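>>> Return atomic coordinates for the entry below.
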Amino acid sequence: MLEDLQRKLFEKDELLKSAEISKNEINKTHTELDRLKRHAVEKDSLTKSIQMQLSDAKDDVDDKEMLKWKKASLSCCTCCYKREDEDP
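Okay, the predicted model is just below:
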């Protein structure tokens, strides 16, 4: 009878140790998951920032191209007007 109780106590101790180990592993996993989530949020934020910068740069390039075309157009019109104003 005493041996049976000792065996059951030993088994319960082993189960408690196993449960504690599992709990610690779960806590480590949660900690790592939180770290990975923070990392993903940082990367997402960086990606959005870069996308905005690229969009702004594209707009700047588009604006510069538009100015080039306007200057070229004005230059062409100026040439035409000069030709019309010249004496034949």
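
>>> how about low-confidence regions in the protein?
For the chain, residues meeting the criterion pLDDT under 70 lie at 76-88.

>>> any chance you could map the helices in this protein?
Assigned by DSSP state H, the helices in the chain fall at 2-85.

>>> Just give me the residue closest to the centre of this structure.
Asp44 (1.9 Å; Cα atoms, centre = their mean).

>>> separation between it and Met52?
Computed as Cβ to Cβ, to the nearest Å, the Asp44 to Met52 distance reads 13 Å. Every residue, glycine included, has its C-beta placed from N, CA and C.

>>> what residues are shared contacts of the two?
Residues touching both Asp44 and Met52 by Cβ atoms under 8 Å, 6 or more residues apart in numbering: none at all.

>>> before we move on, the earlier item: I'd like to know how far the residue nearest to the centre of the chain sits from Arg7.
If you go by Cβ to Cβ, the gap between Asp44 and Arg7 works out to 55 Å.

>>> Over to Ile26?
Applying Cβ to Cβ to Ile26 and Arg7 gives a distance of 29 Å.

>>> can you count the residues close to Asp34?
Each residue near Asp34 was counted by other Cβ atoms under 10 Å, and the total is 10.

>>> OK, contacts around Leu36?
Taking Cβ under 8 Å, 6+ apart as the definition, Leu36 has no contacts.

>>> what about it, distance to Thr29?
Going from Leu36 to Thr29 by Cβ to Cβ gives 10 Å.

>>> try Leu74
67 Å.

>>> same deal with Leu46?
Counting by Cβ to Cβ - Leu46 and Thr29 are separated by 26 Å.

>>> before we move on, what about Lys17?
Taking Cβ to Cβ, one finds Lys17 at 19 Å from Thr29.
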